[in-house]
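Asker: Model the structure of this input:
(one chain, ligands or ions: 2)
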Amino acid sequence: ACSQKKARNAALHPLWQSPLTIPGGTRQSPINIQWRDSVYDPFLKPLKISYDPTTCLHIWNNGYSFLVEFDDSTDRSIIIGGPLENQYRLKQFHFHWGAINDWGSEHTVDSKFYPAELHLVHWNAVEYPSFEDAVMEGNGLAVIGVFLKLGARHEGLQTLVDALPAVRHKDTVIEFDVFDPSCLIPSCPDYWTYAGSLTTPPLTESVTWIIKKKPIEVDEDQLEAFRMLLFTSDGEEEKRMVDNFRPLQPLMNRTVRSSFR
Ligand SMILES: Cc1ccn(O)c(=O)c1
Ligand SMILES: [Zn+2]
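Answerer: Ligands and ions are numbered 1, 2, ... in the order given. The predicted structure is shown next:
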């Protein structure tokens with residue numbers, strides 16, 4: 001069995017070879033969201049999102065996903081309200097996806113995977129001097145998760161998809177200087193929220209997750225565009241960037257709250 005685990009482990013992207021869990025972790029992500037076990041919290045506020053499209057900087061293939069990064073030196077792109085005590089600044093967004101449409105998301109709903117999941121990463125610039133500091137604090141980060149499902153072509157996403165061939169290899173960057181990521185967030189206000197962690201190293205337990213109930217629709221060509229990216233650098237043997245999601249983690253002593261009945 002242990003040799004099987006070693007073999008399975010070797011098949012994982014280097015990022016996910018052991019240790020898959022961190023010792024002593026009590027609030028790890030992602031998790032399965034069991035709809036019927038989530039608890040409606042009438043005190044949860046609506047989430048307020050205000051992004052300035054000109055804070056968009058570039059797209060970067062970091063060898064695990066592609067990040068769209070923002071100028072986070074001021075409070076021009078922020079979220080506030082929802083489960084949050086204060087406002088959080090947008091730093092970057094990225095996606096997780098599968099090799100095929102049957103899986104790819106990090107979170108699941110009633111054990112159902114979506115083909116992909118968007119993460120908009122924000123940090124608490126009210127209490128901490130930098131993103132790197134906030135990553136180490138229990139209330140340091142707030143990540144909005146949006147599920148992607150197969151359906152109609154998403155026009156807002158297409159401008160991003162058109163730029164992906166330029167960042168096919170790890171450590172390539174392309175300027176991307178006007179984009180409003182709120183076009184990727186469903187207008188339905190409903191969300192679940194729980195206390196969790198980063199899903200890539202350092203896996204720190206610093207994330208207030210805000211998972212939108214409604215998915216956005218993208219079409220097959222747009223998902224295929226994600227799958228033609230590479231984990232590998234130019235000149236290395238090509239490895240397609242697919243299945244870049246972390247396995248589900250135990251809920252342990254946590255309750256998922258919903259903003260809706
Ligand atoms: C900060 C960070 C890093 C990786 N991932 O997947 C996240 O969702 C957030
Ligand atoms: Zn993520």
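
Asker: can you map out the helices along the protein?
Answerer: Taking DSSP state H as the criterion, the chain contains helices spanning 2-11, 131-134, 155-161, 220-227.

Asker: Tell me which of these lies nearest to ligand 1.
Answerer: Among these, the nearest to ligand 1 by Cβ to the nearest ligand atom is helix 131-134 (8.1 Å). C-beta coordinates here come from the backbone N, C-alpha and C atoms, glycine included.

Asker: Can you name the residues in contact with that closest one?
Answerer: 72, 91, 123, 124, 125, 127, 128, 140, 141, 206 (Cβ atoms under 8 Å, 6 or more residues apart in numbering).

Asker: CSV for the residues you listed, including pLDDT and distance to ligand 1?
Answerer: Listed next are the contacts of helix 131-134 as CSV, based on pLDDT from 0 to 100; distance: Cβ to the nearest ligand atom, whole Å:
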residue, pLDDT, distance to ligand 1
72, 98, 12
91, 98, 8
123, 98, 8
124, 98, 13
125, 98, 14
127, 98, 17
128, 98, 14
140, 98, 10
141, 98, 6
206, 98, 9
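
Asker: ok, for residue 139, nearest residue in space, not its chain neighbours?
Answerer: With sequence-adjacent residues excluded and distances taken as Cβ to Cβ, 6 or more residues apart in numbering, residue 139 is closest to residue 124, at 6.0 Å.

Asker: Which of the helices of the chain has the lowest mean pLDDT?
Answerer: Lowest mean pLDDT of the helices of the chain: helix 2-11, a mean of 74.

Asker: Buried residues in that helix, which are they?
Answerer: Within helix 2-11, no residue is scored as buried using 16 or more other Cβ atoms under 10 Å.

Asker: repeat for stretch 233-250
Answerer: Quick answer for stretch 233-250 (16+ other Cβ under 10 Å): 241, 242, 243, 244, 245, 246, 248, 249.

Asker: and what of stretch 174-184?
Answerer: 176, 179, 181, 182, 184.

Asker: residues contacting the fourth one?
Answerer: So that's residue 182. Contacts of residue 182 by Cβ under 8 Å, 6+ apart are 49, 51.

Asker: got it, and the last one?
Answerer: By Cβ under 8 Å, 6+ apart, the residues touching residue 184 are 93, 118, 120, 146, 154, 156, 157, 216.

Asker: Take the contacts of helix 131-134 and keep only those in strands.
Answerer: If you go by DSSP state E, the contacts of helix 131-134 have 91, 123, 141 in strands.

Asker: What count of nearby residues applies to residue 165?
Answerer: 11 (other Cβ atoms under 10 Å).

Asker: For it, list the residues it contacts.
Answerer: So residue 165 contacts residue 228 (Cβ under 8 Å, 6+ apart).

Asker: export the helices of the chain to a markdown table and tack on distance to ligand 1?
Answerer: Converted to a markdown table, the helices of the chain look like this (distance: least, Cβ to the nearest ligand atom, whole Å):
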| stretch | distance to ligand 1 |
| --- | --- |
| helix 2-11 | 20 |
| helix 131-134 | 8 |
| helix 155-161 | 17 |
| helix 220-227 | 14 |
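
Asker: mind putting the ones you listed in CSV, distance to residue 53 included?
Answerer: Formatted as CSV, the helices of the chain follow (distance: least, Cβ to Cβ, whole Å):
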stretch, distance to residue 53
helix 2-11, 40
helix 131-134, 20
helix 155-161, 11
helix 220-227, 20
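
Asker: Residue 212: which of the ones you listed is closest?
Answerer: Smallest distance to residue 212 across the helices of the chain (Cβ to Cβ): 15.1 Å, for helix 155-161.

Asker: Show me which residues of the stretch 101-250 of the chain sit near ligand 1.
Answerer: Neighbours of ligand 1 within the stretch 101-250 of the chain, by Cβ under 6 Å from any ligand atom: 119, 121, 143, 198, 199, 200.
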